[in-house]
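J.: pasting a predicted model and its sequence here:
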Amino acid sequence: MTRRRIVLLGGSFDPVHQGHVALARHFHDLLQPDELRIIPAGNPWQKAGLHANADDRVAMIRCAFDTQGMPVSIDLQEIQRHTATYTIETLKAVRAEVGPEASVSFLIGADQLQHLDTWHQWQQLFDYAHICAASRPGFGSELSQLPPQVRSELQSRTATPEQIHNQPNGLMVLANDLSVEISATDIRSALQRGEKPESLVPATVLDYIETHHLYKN
């Protein structure tokens, strides 16, 4: 059986930056998905208010990914909710849509893995998807550096990309070879100062930000 492969990348994308693109590219190349689905946040409960509106954040996603040569789609389900956004609800909705056999992988940075145990119903995430984490400077993704409860949960789930392909959910891939550290807060601060962080933001996204006067005081 050829199992459909779907990779999910969620985030505020406020703004979209090179770290988002690098994470998506890394796991696209590693997992070779049939679909890379970008899911912009609506009302993320662990973050303060968003700075750009939903339409602008979706437009920036299109600017960043339309020329990347990856099979990208944008899922608006979190934006369309009117309540707090929890990842478990998003994964349940995706699984209900794609069926029980598809291989679904949810991408996070290792900094998020460090506090995975604070997420709503975090242990149930594996009932609906694999979790794929990439390390960033200062956030080594080795199991020994994780909180004990997270480390215990993941030790029996660590897998290879091939195993991810052959199962629908429940496994973990730790990629230690992605070195990208970019702060959206720092980018917004630079834009407010009138700077152009060209090395941190895709040129098409920076053009959109300037044309639409985003992130100004």
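T.: Nice, I can see it.
J.: what packs against the top helix by length along the chain?
T.: If you go by DSSP state H, the chain has its longest helix at helix 18-31. Applying 3 or more CB pairs under 8 Å, 6 or more residues apart in numbering; DSSP states H and E, one finds that helix 18-31 makes contact with strand 5-11, strand 35-40, helix 54-65, strand 103-109, strand 130-134, helix 161-166, strand 172-175. C-beta: built from backbone N, CA, C; applies to glycine.
J.: lowest-confidence helix or strand of the protein?
T.: Least confident helix or strand of the chain, by mean pLDDT, DSSP states H and E, is helix 110-113 with a mean of 79.
J.: can you pull the buried residues of it?
T.: Across helix 110-113, burial judged by 16 or more other CB atoms under 10 Å covers 110, 112-113.
J.: picking that back up, next, the angle from the longest helix of the chain to helix 54-65.
T.: Angle of helix 18-31 versus helix 54-65, following axes from the mean of the first three to the mean of the last three CA atoms, to 10 degrees, is 60 degrees.
J.: what's the distance between the nearest residue to Lys92 once chain neighbours are set aside and Trp122?
T.: In this structure, Lys92 finds its nearest non-sequential neighbour in Tyr128, 5.8 Å apart by CB to CB, 6 or more residues apart in numbering. Note on Tyr128: its distance to Trp122, by CB to CB, to the nearest Å, is 12 Å.
J.: about what we covered before: of the helices and strands packed on helix 18-31, flag the one that's most buried.
T.: Burial of these is given as mean neighbour count (mean count of other CB atoms under 10 Å); strand 130-134 ranks first at a mean of 26.
J.: what's in contact with that one?
T.: 7, 23, 26-27, 30-31, 103-110, 112-113, 116, 125, 141, 157, 159, 164, 167, 169-176, 178 (CB atoms under 8 Å, 6 or more residues apart in numbering).
J.: pLDDT score for Pro44?
T.: Looking at Pro44, its pLDDT is 60.
J.: low pLDDT regions in this protein?
T.: Confidence mapping of the chain against pLDDT under 70 gives the ranges 1, 43-48, 136-143, 179-180.
J.: tally of neighbours for Met70?
T.: 17 (other CB atoms under 10 Å).
J.: residue contacts, the residue nearest to Lys196 when sequence neighbours are not counted?
T.: Nearest residue to Lys196, sequence neighbours excluded (CB to CB, 6+ apart): Leu206, at 6.4 Å. Counting by CB under 8 Å, 6+ apart, Leu206 makes contact with 196-198.
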